[in-house]
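Participant: what follows is a predicted structure for the sequence shown.
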Amino acid sequence: MLCRKCGAQMDDSARFCSACGHDHATEAPETVKEPLNVDPAYQEAKDRLSNQILTWGILSIAFASTFYFSLIGFIFSFVTKSKVMQYTTHIGPVSYKSKVGRDLGKAGFIVGLILTIICTLYLFILFMAILGMMLA
């Protein structure tokens, strides 16, 4: 067998590794984890909701990072947030895909908010400049 600490070859009946001295007798035996019997309907709902959160999170950051469509990304971040709340209510804490989608939704909210404000100011200044040229 191989030593679990240093990887050196050692006798199967040896308690200590001859290379590093690691004591293999004090280690807890490896346990075999049995697969959990999960209700298929529950797993399907969890997967569906995780995919929805990820999709809305991607849409949120994608639209939020474009100048003229940042408001749409900002709105999509609220859809992502509502899906995350639905997930945590019915499934539990977010994990894996739903966690990534949640984080993308948060980023979409921040980026969308900033770019929406900048775009609004830009359009206001542009409108005022055109109005000033028309009145002059």
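Facilitator: Sure thing, it's come through. Only a predicted model underlies this, so the values are computations on that prediction, with no experimental measurement involved.
Participant: isn't Ser70 right next to Gly112, touching?
Facilitator: Yes - counting by CB atoms under 8 Å, Ser70 sits close enough to Gly112 to count as a contact (4.9 Å). For every residue, glycine as well, the C-beta is placed using N, CA and C.
Participant: settle it for me: which of the two has more neighbours?
Facilitator: The residue with more neighbours, out of Ser70 and Gly112, is Gly112; 27 against 23, by other CB atoms under 10 Å.
Participant: which residues sit in contact with the residue sitting nearest the centre point of the chain?
Facilitator: Nearest residue to the geometric centre of the chain (CA atoms, centre = their mean): Val100, 1.1 Å. Val100 makes contact with 54, 57, according to CB atoms under 8 Å, 6 or more residues apart in numbering.
Participant: identify the residues contacting Asp96.
Facilitator: One thing to correct before we go on: residue 96 is Tyr, not Asp. Counting by CB under 8 Å, 6+ apart, Tyr96 makes contact with Ser50.
Participant: correction: the previous question concerned Ile72.
Facilitator: By CB under 8 Å, 6+ apart, Ile72 lies in contact with 63-64, 112.
Participant: host element of it?
Facilitator: Here Ile72, judged by DSSP states H and E, is contained in helix 70-90.
Participant: how far is that helix from where the chain is centred?
Facilitator: Computed by CA atoms, centre = their mean, to the nearest Å, the chain-centroid distance of helix 70-90 equals 13 Å.
Participant: which parts of it are buried?
Facilitator: Buried residues in helix 70-90, defined by neighbour count with 16 or more other CB atoms under 10 Å: 70-77, 79-81, 83-84, 87.
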